[in-house]
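> The amino acid sequence is not available; the structure is as follows:
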């Protein structure tokens, strides 16, 4: 039941109002002065304050100011006699919900209280939702303490407040949309919409309609006008995932929207102006796509004002334990497991650490979810892992940057250099730890570091 504090120095009013409130299912508390009311507010949770204006010592207006400084969202209703209407108006200007004139009828009083409590509840729910959103995306779900992740956090903090377009590059499964949301919720647009579109999920004609909307009758099946994602993202952020899959015809239209912030719906003639921030993501090398003639160079430079690069999981191996623990807690809660997992055995951890994770964080998350469901013990063991991890099967090392006509010795040297560099980055350049990862001696590692100029 909601608690309502009645503040009045008269003896009869608090008693009468208290009985009215009890009949309506509320819990009344009374205070004969503003100072007593403040003491109650400090000790108990109050949902609404009903206060008289004229009281000895601190009057109702001063009490209102004190409440506003202590609890800005707490609704306050002012009671006043006819001759103090000016004071009531002053109270409204200082944040009172409303005022009622004495004497008042019961129905009017109850109606004002119900409405004030209803609005207060909505404000509280919105505040809780906003806090939950901010908690979720203020790096809370981006897990990692490695150097590449620390650099990513710094990048998000720097580019969040800006309005420039952002290009997020990273392999599939590295969490590009999560980073996009974190940028959005660390920006001035955080209270507006975050609209996401996977560009690879639509055929060319459908993607155009999805992005720009269409007018009624624009094509077969267009039975009504539809707003596109650009309109829906007005004042907010539009996230275009897999931007490298956009057909050439739509690339032209996208360039125009980025340049002029205007567009027309499919089948329409009205020019629509929009205010949005664009965040694009790709698992392709767009620069190479430009060289091959598959992506417009002018569009690439429009998108690539600021770039955020997500490292693959194999380049941030020290984050694996953090991610595993995070996913264990998450899926233990979601599946309400009878015997919640406490962690991972050393043997299982070593298998996870040695695996190259071609599917990145998405693959790791799926693996942990499976283990949470199937494991019968307190810890994930090798038996709970997929066969490919137990057998030590890893995907081929990345071959980017190796010439297509490279010979065997040149290719092996390039792969060795990449693996050493990755191990050094994962261990913060601690050679002893890097040697353990690579399963070679420290002196041997030292020679190879000098050989490759690392």
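Right, received. Where do you want to start? Quantities reported herein were computed from a predicted structural model and do not represent experimental measurements.

> can you pull the buried residues of stretch 69-85?
74-80, 84 (16 or more other Cβ atoms under 10 Å). All C-beta spots, glycine's among them, are computed from the backbone N, C-alpha and C.

> Kindly apply the preceding question to stretch 246-255 instead.
In stretch 246-255, counting by 16+ other Cβ under 10 Å, buried: 246, 250-251, 253-255.

> quick one: secondary structure of residue 195?
strand (DSSP: H, G, I helix; E, B strand; the rest coil).

> excluding its backbone neighbours, what's nearest it?
Of all residues not flanking residue 195 in the chain, residue 233 sits nearest, at 4.2 Å (Cβ to Cβ, 6 or more residues apart in numbering).

> Please list the members of the buried residues of stretch 246-255 that lie in helices.
Mapping those onto helices (DSSP state H) picks out 250-251, 253-255.

> Now the element after the lowest-mean-pLDDT helix or strand in the chain, going C-ward?
Ranked by mean pLDDT, DSSP states H and E, the weakest helix or strand in the chain is helix 106-137, scoring a mean of 72. The first helix or strand that comes after helix 106-137 along the chain, using DSSP states H and E, is helix 147-159.

> List of residues touching that next one?
139, 142, 144, 166, 179, 182-183, 186, 306, 308-311, 315-316, 319, 425, 428 (Cβ atoms under 8 Å, 6 or more residues apart in numbering).

> what do you get for stretch 249-256?
Counting by Cβ under 8 Å, 6+ apart, 204, 207-208, 211-212, 246, 262-263, 295-296, 298-299, 302 sit against stretch 249-256.

> thinking again about what came up before, quick one: the residue nearest to residue 195 and residue 193 touch, right?
Yes: counting by Cβ atoms under 8 Å, residue 233 touches residue 193, with 5.8 Å between them.

> pretty sure residue 367 contacts residue 387?
No: the pair residue 367 and residue 387 does not pass the contact test of Cβ under 8 Å, sitting 11.6 Å apart.

> quick one, which of those two is more surrounded?
More crowded of residue 367 and residue 387, by other Cβ atoms under 10 Å: residue 367, with 21 against 7.

> how close does the more buried one get to residue 324?
According to Cβ to Cβ, to the nearest Å, residue 367 stands 9 Å off from residue 324.

> do the same with residue 421
24 Å.

> First-to-last residue distance for stretch 168-178?
End-to-end distance for stretch 168-178, by Cα to Cα, to the nearest Å: 11 Å.

> and of the buried residues of stretch 246-255, the nearest to residue 332?
Taking Cβ to Cβ as the measure, residue 332 lies nearest residue 246 of these, at 39.8 Å.

> any low-confidence regions in this structure?
Applying pLDDT under 70 to the chain picks out residues 82-84, 125-141, 337-340, 391-409, 411, 426-428.

> domains of it?
3-132, 143-311, 314-390, 408-452 (automatic domain parsing).

> wouldn't residue 229 be in contact with residue 239 here?
No: between residue 229 and residue 239 there is no contact under Cβ under 8 Å: 9.3 Å.

> Common neighbours of those two, please.
Contacts common to residue 229 and residue 239, judged by Cβ under 8 Å, 6+ apart, are 195, 197.

> between those two, which one's more packed in?
For the pair residue 229 and residue 239, the greater number of neighbours falls to residue 239 (27 against 20), based on other Cβ under 10 Å.

> for that one, helix, strand, or coil?
strand.

> who's in contact with it?
Residue 239 neighbours (Cβ under 8 Å, 6+ apart): 177, 180-181, 184, 194-197, 279-281.

> Could you do residue 214 as well?
Residue 214 touches 222, 225-226, 228, 265-268, counting by Cβ under 8 Å, 6+ apart.

> what's near enough to touch the closest residue to it other than its chain neighbours?
Sequence neighbours aside, residue 266 is the residue nearest to residue 214 in space, at 3.9 Å (criterion: Cβ to Cβ, 6+ apart). Taking Cβ under 8 Å, 6+ apart, we find residue 266 in contact with 208-209, 212-215, 218-219.

> can you rerun that using 7 Å?
208-209, 212-214, 218 (Cβ atoms under 7 Å, 6 or more residues apart in numbering).

> Next, residue 343: phi, psi?
phi 170, psi -150 (degrees, to the nearest 10).

> From residue 146, how far out is it?
Residue 343 is 20 Å from residue 146, by Cβ to Cβ.

> cool, and residue 358?
19 Å.

> Show me which of these two is the more surrounded one.
residue 146 (20 against 16).

> How far does the helix or strand harbouring residue 92 sit from its chain's centre?
Secondary structure from DSSP H and E places residue 92 in helix 85-93. Here helix 85-93 is found 41 Å from its chain centre; the criterion is Cα atoms, centre = their mean, to the nearest Å.
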